[in-house]
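Colleague: how would this look folded up:
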Amino acid sequence: MNNESALRFRQGMSRLGAAVNIITSEGPEGRHGMTASAVCSITDTPPTLLVCVNRDNRSHDVFNGNGNLCVNVLAGRHTRLSDAFAGREGEDRFAAGEWIRLATGAPVLADAVAAFDCRIVERRAIGSHSVFYARVESVLLADGPAETLIWFDRKYHPMVAGSDGRPLPAS
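Modeller: Numbers count the residues shown, from 1 in each chain. Alright, predicted model coming up:
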């Protein structure tokens, strides 16, 4: 794929809306986290997610060495936290949120919409990224209305569930 094709691919992908998550890990390689939208459910038996991480990202080696990760699903109120973990804010990323622990020891955002605390069970290298297959060991669900934060067209879009369950832009 040439540079023009790669740019066109990235432009096309900006039109694929995706949930915004903070992926965290803690263990022998230290504590680290990053903002990501490349997360997908694989199966519920056993509950397993896949998380794609660029191998040049510092988080990659931390996740790989620690063997755990937590997918923290964000809401509209988390845009500054998302920016911090994306490297667009100050250095101490974890200072901006309240963090707890569940089964694996990975940091869990206490007010996340949902958090999936996982052990990495397999890794596959594809192009510039690794795909981490992560077995869910514990799930945290927020009380209150269903909400999420979507990354679409290179911008944040907070969403909440309406009274009929359909998604609506958060006001």
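
Colleague: centre-most residue in the protein?
Modeller: Asn21 (2.8 Å; Cα atoms, centre = their mean).

Colleague: gap between that one and Leu141?
Modeller: 15 Å (Cβ to Cβ, to the nearest Å). From N, CA and C alone the C-beta is placed, and that goes for glycine too.

Colleague: ok, now Phe63?
Modeller: 23 Å.

Colleague: between the two, which one's more packed in?
Modeller: Phe63 (28 against 11; other Cβ atoms under 10 Å).

Colleague: in a helix, that one, correct?
Modeller: Yes. Under DSSP: H, G, I helix; E, B strand; the rest coil, Phe63 sits within a helix.

Colleague: thought it was touching Val53?
Modeller: Yes. Using Cβ atoms under 8 Å, Phe63 is in contact with Val53, at 6.4 Å.

Colleague: strands along the protein, start to end?
Modeller: Using DSSP state E, the strands of the chain run over residues 18-19, 21-27, 30-36, 39-44, 47-54, 68-73, 99-100, 108-109, 114-126, 129-141, 147-152, 155-161, 167-169.

Colleague: what angle do the third one and strand 68-73 make?
Modeller: Compare the direction of strand 30-36 with that of strand 68-73 by axes from the mean of the first three to the mean of the last three Cα atoms, to 10 degrees and you get 40 degrees.

Colleague: which neighbouring elements make contact with strand 30-36?
Modeller: strand 21-27, strand 47-54, helix 58-66, helix 79-85 (3 or more Cβ pairs under 8 Å, 6 or more residues apart in numbering; DSSP states H and E).

Colleague: so how far is the lengthiest helix in the chain off the chain centroid?
Modeller: Criterion DSSP state H: the longest helix present in the chain is helix 3-13. Here helix 3-13 is found 23 Å from its chain centre; the criterion is Cα atoms, centre = their mean, to the nearest Å.
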